[in-house]
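*Asks:* Could you work out the structure for the sequence below:
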Amino acid sequence: MRAKSRFFSLRTLSFSLGALVVLVLALMFFYRQMSESVQREGEQVARDAIIRALISCYATEGSYPASLDYLINHYGIVIDEKYVVNYVVFASNVFPEVTLTNRNRGTNSGKHKPGGDNSGTDDAGKERRRQ
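*Replies:* Numbering: from 1, shown residues only. Okay, the predicted model is just below:
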């Protein structure tokens, strides 16, 4: 009877450990998914803030700023250190191209050009990189 009891407890213990391992792996997977989702949302919020400041500047002053520093100094834009912003200006009356890149992941979270054209850059434009 004792041998059967020992077998039952080993079986229960192995099942419990297996379930615990599966649970830990599932939690790690969901944590990673949530972390990536929060990062993407943070990038979107930062990009939207820059775009709103650009539109506000154009509405107020009649032209887009020549540099990202102008937005930072005059429109209160704060850019987290984990992002690199490429700011390409073609002309003061043409919406600038804004690209936000996460330093840690090295991935591009997207370019924004007016009219839905999000492809490439204009070689004639000036580029300003905020680091």
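*Asks:* ok, now which ones touch Thr12?
*Replies:* Not one residue lies near Thr12 by C-beta atoms under 8 Å, 6 or more residues apart in numbering. No exception for glycine: its C-beta is placed from N, CA and C like everyone else's.
*Asks:* so where does it fall, helix or strand?
*Replies:* Using DSSP states H and E, Thr12 falls within helix 2-61.
*Asks:* Low-confidence stretches in this protein?
*Replies:* For the chain, residues meeting the criterion pLDDT under 70 lie at 1-8, 105-131.
*Asks:* And the residue nearest the centre of it?
*Replies:* Glu43 (3.0 Å; C-alpha atoms, centre = their mean).
*Asks:* what's the distance between stretch 79-92 and the middle of its chain?
*Replies:* On the basis of C-alpha atoms, centre = their mean, to the nearest Å, stretch 79-92 sits 14 Å off its chain's mean C-alpha point.
*Asks:* got the buried residues for that stretch?
*Replies:* The neighbour-count check on stretch 79-92 (16 or more other C-beta atoms under 10 Å) flags Ile79, Tyr83, Val84, Val85, Asn86, Tyr87, Val88, Val89, Phe90 as buried.
*Asks:* Could you do stretch 38-52 as well?
*Replies:* So stretch 38-52, judged by 16+ other C-beta under 10 Å, has buried residues Gln39, Gly42, Glu43, Ala46, Arg47, Ala49, Ile50.
*Asks:* isn't the residue nearest to the centre of the chain right next to Leu100, touching?
*Replies:* Yes. Here Glu43 reaches Leu100: they are 5.7 Å apart, a contact under C-beta atoms under 8 Å.
*Asks:* CA atoms of stretch 79-86 as PDB?
*Replies:* What follows is stretch 79-86, C-alpha atoms only, in PDB (Å, rounded to 0.1, in the frame of the first residue of the first chain):
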ATOM      1  CA  ILE A  79      10.600  63.600 -26.600                       C
ATOM      2  CA  ASP A  80      11.600  60.600 -24.500                       C
ATOM      3  CA  GLU A  81      15.300  59.600 -24.700                       C
ATOM      4  CA  LYS A  82      14.400  56.200 -26.000                       C
ATOM      5  CA  TYR A  83      13.200  57.700 -29.300                       C
ATOM      6  CA  VAL A  84      15.100  59.100 -32.300                       C
ATOM      7  CA  VAL A  85      13.100  61.500 -34.400                       C
ATOM      8  CA  ASN A  86      14.000  62.200 -38.000                       C
END
